[in-house]
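> what shape does this take:
(chains A and B)
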Amino acid sequence: MLRKKPFTRIVVFVVIAMALIWTLVPLAWILLSSFKFEADQFSMPPKWVPARITFQNYAKFFGNSEFVRSLINSVMITFFSTVIALLLGVPAAYALARFDWKHANTIAFVVLLARMTPPIVMVLPFFMIARYLGISNTYLPIVLALSFFSVPFAIWMMRGFFQEIPNSLEEAAMIDGCTRFQSLRRVVLPLVMPGLSATSILCALIAWNEFLFALVLTGRDTRPLPVLVNMFVSERNIEWGVMSAAAIITVLPMIVFGLLVQNDLVRGLTMGSSK
Amino acid sequence: MVGDQMKSRRRSRGYWYILPSMVFIVIIFMIPLTYTIVMSFLRWNLLRPDLGIRAAGFSNYVRLFTDPFTLDTVGRTFYFVLGAVLIELIAGLCIALALDTEFKGWKIVQSVLLVPFMIAPVVVGYVWRFVLNSDYGPIIHILRQLGLGGLVEKPLLSNPSAAMPVLIVADAWEYIPFVTLVLLAGLKSIPYEPYEAAFVDGASSLQRFHYITLPLLRPSILVAVVIRTLTSLRVFDIVFIMTGGGPGTATETLAFYGYRTAFQAYNVGFSSAINMLTFAIAVFFTILYMKIIGGGKNYA
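Residues are numbered from 1 along each chain as shown, chains lettered A, B, ... in the order given. Modelled structure (predicted):
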């Protein structure tokens, strides 16, 4: 911004250095641990870079059918809940952005409230209903429960993106003979593509990382990665190497996707209050 | 006339875009919520089917509001919320200000600093349990070498007065990036002119910060604080994985109390009453948030 004095530069440097250390130390430790032999996990003093590295922790993860099952479950649950969020959320966001609504405030409040409700309030009734309907060991309860968060989220986020597209573009398309649906598909959707991909990735992030619903609403065959991580941490003797590999596998896809959309993150996370 | 007709026709089309999602939200939201409200007025223990399900009147709520443990739990929850939000705000503000100077490579630094935010809270809990492990955790080792071994003589997570601060540290690690992002976006939207004017008038950088940056950043700070308050009120994952509410009940928050009552004591009636209290607090802050961002009409 303004011309930088040497003092300012030093302060900035110190703050950034501290922030980087604070962020990277725990991450580096887990990453390095995932390449250590089990015996090296407990060396005293702790060794950051082990003398020998191994991929056996990753091999163990992928050799364990229960782990692989969880990975597949995570993918399935995330995929289905994100698809539901987009299918239901995108048209609603479009309508909210394009038409005047008498009850816009009420709709906005319900949507926001649904997003802000603590999961603990919903999880017990979900559990009871799933048990009553006998669908406890399917993807249905967890996918519906996660959609409960991601549908309002998709509506709120996409609405902002639709509002940025000038109405005149669509009117022009309709004068040229497009129906509203055609103008939506051919004119508006291509323009909101960046917003759409950011929204889907954030919906996926919500579903992939969610724990409480997954803990209560999934069983042996449907449990996703976070629940698996928890199961092994609660045991007396944690296999830190395999666990660290599992942790890395759990977080890697979301880090990659998340960084792709980081510019649109703020908007999504503040529910459109800042751009 | 014609215009009105057009508009109403358009709107009736609009209903078909909006109806499915509203039906979905109302069903998935209202049915469980009603269920919780009904359960909160029942005496219902899943482990004692012989007792059956009986109407309890307000007895669950009477118990909730007369039991001193409730107040303690609310207190612990707000201890966590206040600690976490305060640390995240201060650290987030410092980092955002530093990034805003747009030094060489700031974009890469921003990406790196953002990483913890993408990590599942369960994994965050695991990571911090590992690095703070009293036998072979690297951070404990570093603290000992720095001569701070006295602080960590007892394993941190089984020390009643240290467990909650440790949870706050883990939570801050995950959410400082979020606050940083929100504040950085706020900083970037501050126009250049006031700074120029202040500079011409000979204001010091501290004065510029105090009289220009802070007031203009206020909306972003409020947004960050309220959202973080709302999302940290529900804290469950890291409590579950790091302390299980312990030692004793030293880290038992509202969400964890509700969970334990339902899924360990199987008292679903009382658990529902606890969860309604949590819900009421969340509703209060949601309304506050709506007020801050100026109602639904111009929220985007």
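> ok, B:Phe130 touching A:Trp240?
Yes - counting by Cβ atoms under 8 Å, B:Phe130 does reach A:Trp240; the two are 6.3 Å apart. Quick note: C-beta positions are derived from backbone N, CA and C, even for glycine.
> so what sits against both of these two?
Residues within reach of B:Phe130 and of A:Trp240 at once, by Cβ atoms under 8 Å, 6 or more residues apart in numbering or on different chains, are A:Ser33.
> regarding chain A, what is its longest helix?
helix A:65-98 (DSSP state H).
> now it: buried residues?
Going by neighbour count (16 or more other Cβ atoms under 10 Å in any protein chain shown), the buried part of helix A:65-98 is A:67, A:69-71, A:73-74, A:77-78, A:80-82, A:84-86, A:88-98.
> need the next SSE after it, C-terminal direction.
helix A:104-116 (DSSP states H and E).
> just the CA atoms of that following helix, as PDB, please.
Output of helix A:104-116 as PDB, limited to C-alpha atoms (Å, rounded to 0.1, in the frame of the first residue of the first chain):
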ATOM      1  CA  ALA A 104     -37.600 -13.000   0.600                       C
ATOM      2  CA  ASN A 105     -36.700 -12.200   4.200                       C
ATOM      3  CA  THR A 106     -38.500 -15.200   5.600                       C
ATOM      4  CA  ILE A 107     -36.900 -17.500   3.100                       C
ATOM      5  CA  ALA A 108     -33.500 -16.000   3.700                       C
ATOM      6  CA  PHE A 109     -33.900 -16.500   7.500                       C
ATOM      7  CA  VAL A 110     -35.000 -20.100   7.200                       C
ATOM      8  CA  VAL A 111     -32.200 -20.900   4.800                       C
ATOM      9  CA  LEU A 112     -29.600 -19.200   7.100                       C
ATOM     10  CA  LEU A 113     -31.100 -20.800  10.200                       C
ATOM     11  CA  ALA A 114     -30.900 -24.200   8.600                       C
ATOM     12  CA  ARG A 115     -27.300 -23.600   7.900                       C
ATOM     13  CA  MET A 116     -26.500 -22.300  11.300                       C
END
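> ok, it near chain B or not?
Yes - Helix A:104-116 is in contact with chain B by Cβ under 8 Å from any Cβ of the partner chain, via A:104-114, A:116.
> next helix or strand past that helix?
helix A:119-133.
> need the contact partners of that following helix.
In contact with helix A:119-133 (Cβ under 8 Å, 6+ apart) are residues A:136, A:140-141, A:144-145, A:148-149, A:210, A:212-213, A:216-217, B:29, B:31-33, B:35-36, B:39, B:234, B:236, B:254-255, B:258-259, B:262, B:268, B:271-272, B:275-276, B:278-279, B:282.
> list only buried entries from these.
With burial judged by 16+ other Cβ under 10 Å, the buried subset of those is A:136, A:141, A:144-145, A:148-149, A:210, A:212-213, A:216-217, B:29, B:32-33, B:35-36, B:39, B:234, B:236, B:254-255, B:258-259, B:262, B:268, B:271-272, B:275-276, B:278-279, B:282.
> show me where the stretch 151-300 of chain B has helices.
Secondary structure of the stretch 151-300 of chain B (DSSP state H, counting those that start in this stretch): helices located at B:160-188, B:193-200, B:205-208, B:214-233, B:237-242, B:254-263, B:268-293.
> out of the ones you listed, nearest to B:Phe78?
With Cβ to Cβ, the closest approach to B:Phe78 among the helices of the stretch 151-300 of chain B belongs to helix B:214-233: 8.5 Å.
> what mean pLDDT does the closest one get?
Mean pLDDT, computed over helix B:214-233, is 89.
> in it, what counts as buried?
For helix B:214-233, a neighbour-count test (16+ other Cβ under 10 Å) marks B:217, B:219-233 as buried.
> so which of those is the closest to A:Phe61?
Among the buried residues of helix B:214-233, and counting by Cβ to Cβ, the member closest to A:Phe61 is B:Thr231, at 30.3 Å.
> near chain B, which of the buried residues of helix A:65-98 show up?
The overlap between these and the neighbours of chain B (Cβ under 8 Å from any Cβ) comes to A:88-89, A:91-92, A:94-98.
> burial of residue 104, as a residue count?
Went with chain A since none was named. 16 (other Cβ atoms under 10 Å in any protein chain shown).
> not quite, I wanted chain B
B:Lys104: 7 surrounding residues under other Cβ under 10 Å.
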